[in-house]
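> Take a look and give me a structure for this.
(one chain, ligands or ions: 1)
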Amino acid sequence: MPKQCVPRTSRLLAFMIGDSTITFARKYLCDYFSPIAPGAVIYDNGCGTGAVTRAVLDIYPELISSSPATPIHATDINAVFIEDFKELVASRGWKSTVHPAVMAAENLALPDSTVTHSFTNFLIFGVGDAPKAAAEVLGTLVPGGVAVMTSWATLPHAKALDRTRERLYGEHVMSHIKPEWFESSYLENLLRDAVFVRVTAFQVDSEMSWMGMPPGGWTEKDEAEWDRNREIYGAKCVREGFKVDEDGRVRASMVANVVMAWKG
Ligand SMILES: C[S@@+](CC[C@H](N)C(=O)[O-])C[C@H]1O[C@@H](n2cnc3c(N)ncnc32)[C@H](O)[C@@H]1O
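Below is the predicted model of the structure:
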């Protein structure tokens, strides 16, 4: 791995996503959601750095020590992310409310019919079996419980990444995102097929300030040419309409699909 490449830790995830995912979560919670009352059982699926959990507790700080209790289950397949999130939970005094655990979205170990509010924030396109993950969400919800799933409607850096990968590693390098994942209909169909009811879609926008490992793994050439490759990516981003600030950071407008659906 090139020495310039940051290991895949929650620090890297936090750096890559910036405030984008928590900003989206705050927006849909504030603008589209009925207030969450004490006694709810909240699920942050594929929590990463805990964007949804943090957004919920920013908006409803009273849930941290509510009576009745309002447990928040925050799970992720990445054990390193969960260990880091446990530290954050402890540092904020949330241990009695927020319960982080390593868990695959395709095989949830939460009891059936217990969750009232289930959030799958920018996860579904990363799971191996999305229909299974949607069925697991449905199974854990109480009847009448609500599920939220989000995906990127626009990811302005995706084309620049694809063009840079093609230039570095050849023309037939797979895009990291399938075109249909940008469509709200992907999430809507997933939830309808899982037999959710009242499937409702809308979009929210925000801003985000990323090049994964090449096919076949990193080489010494990648490390030696890191700066030049970063320049290629920056130039392609600018061509796609990005702005680069004085510190060389790339800023882009982001739009997300948000789909809400209920268990009948
Ligand atoms: C783009 S990040 C989003 C993180 C967080 N939900 C947010 O909104 O910031 C996707 C997360 O899903 C996790 N993930 C990927 N595949 C998963 C799976 N099969 N089961 C559970 N989590 C998964 C990753 O480890 C990562 O933390």
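> which parts of this protein sit against the ligand?
Contact residues, the chain versus the ligand (CB under 6 Å from any ligand atom): 17, 21, 46-49, 51, 76-78, 81, 104-106, 121-123, 126-127. C-beta coordinates here come from the backbone N, C-alpha and C atoms, glycine included.
> run the last query once more with 5 Å
Within the chain, the positions lying close to the ligand (CB under 5 Å from any ligand atom) are 21, 46, 48, 51, 76-78, 104-105, 121-123, 126-127.
> Which of those residues fall in strands?
Among the residues of the chain next to the ligand, the members falling in strands (DSSP state E) are Asp76.
> Can you say which two of the residues of the chain next to the ligand are spatially most distant?
Thr21 and Ala104 (19.8 Å; CB to CB).
> Which of the two has more residues huddled nearby?
Taking other CB atoms under 10 Å, Thr21 and Ala104 do not tie; Thr21 has more neighbours (25 against 17).
> do you know how far the residue nearest to that one when sequence neighbours are not counted is from Pro2?
Taking CB to CB, 6 or more residues apart in numbering, and ignoring the residues beside it in sequence, Thr21 has Ala51 as its nearest neighbour in space, at 4.2 Å. According to CB to CB, to the nearest Å, Ala51 stands 28 Å off from Pro2.
> Show me which of the two is the more surrounded one.
Between Ala51 and Pro2, counted using other CB under 10 Å, the more crowded position is Ala51 (26 against 15).
> where exactly do the helices run in the stretch 51-200 of the chain?
51-59, 79-91, 130-140, 157-169, 184-193 (DSSP state H, counting those that start in this stretch).
> Just say which of the ones you listed is most tucked in.
When these are scored by mean count of other CB atoms under 10 Å, the highest mean neighbour count falls to helix 51-59 (a mean of 23).
> for it, packing partners?
Packed against helix 51-59, as judged by 3 or more CB pairs under 8 Å, 6 or more residues apart in numbering; DSSP states H and E, are the following elements: helix 20-32, strand 42-45, strand 72-76.
> Quick one: mean pLDDT for that helix?
Across helix 51-59, pLDDT averages out at 97.
> pLDDT value on the residue of the stretch 1-150 of the chain found nearest the ligand, please?
As assessed by CB to the nearest ligand atom, the ligand sits closest to Gly48 within the stretch 1-150 of the chain, at 2.7 Å. Per-residue confidence at Gly48 stands at 94 (pLDDT).
> Can you give me the separation between it and Lys178?
Distance from Gly48 to Lys178, counting by CB to CB: 20 Å.
> How many residues are close by Ala37?
The burial count for Ala37: 13, using other CB under 10 Å.
> Centre of the chain to stretch 78-93, how far?
17 Å (CA atoms, centre = their mean, to the nearest Å).
> Low-confidence regions, the stretch 1-150 of the chain specifically.
Flagging of the stretch 1-150 of the chain using pLDDT under 70 yields the residue ranges 6, 8, 12-18.
> ok, back up a step: could you check which of Gly48 and Lys178 is surrounded by more residues?
Legend: neighbour count by other CB under 10 Å for Gly48 and Lys178, higher for Gly48 (25 against 11).
> thought the more buried one was touching Ala74?
No: with contact defined as CB atoms under 8 Å, Gly48 does not reach Ala74; the gap is 9.2 Å.
> ranking the helices and strands packed on helix 51-59 by burial, who's on top?
Mean neighbour count, computed with mean count of other CB under 10 Å, is highest for strand 42-45 among the helices and strands packed on helix 51-59, reaching a mean of 26.
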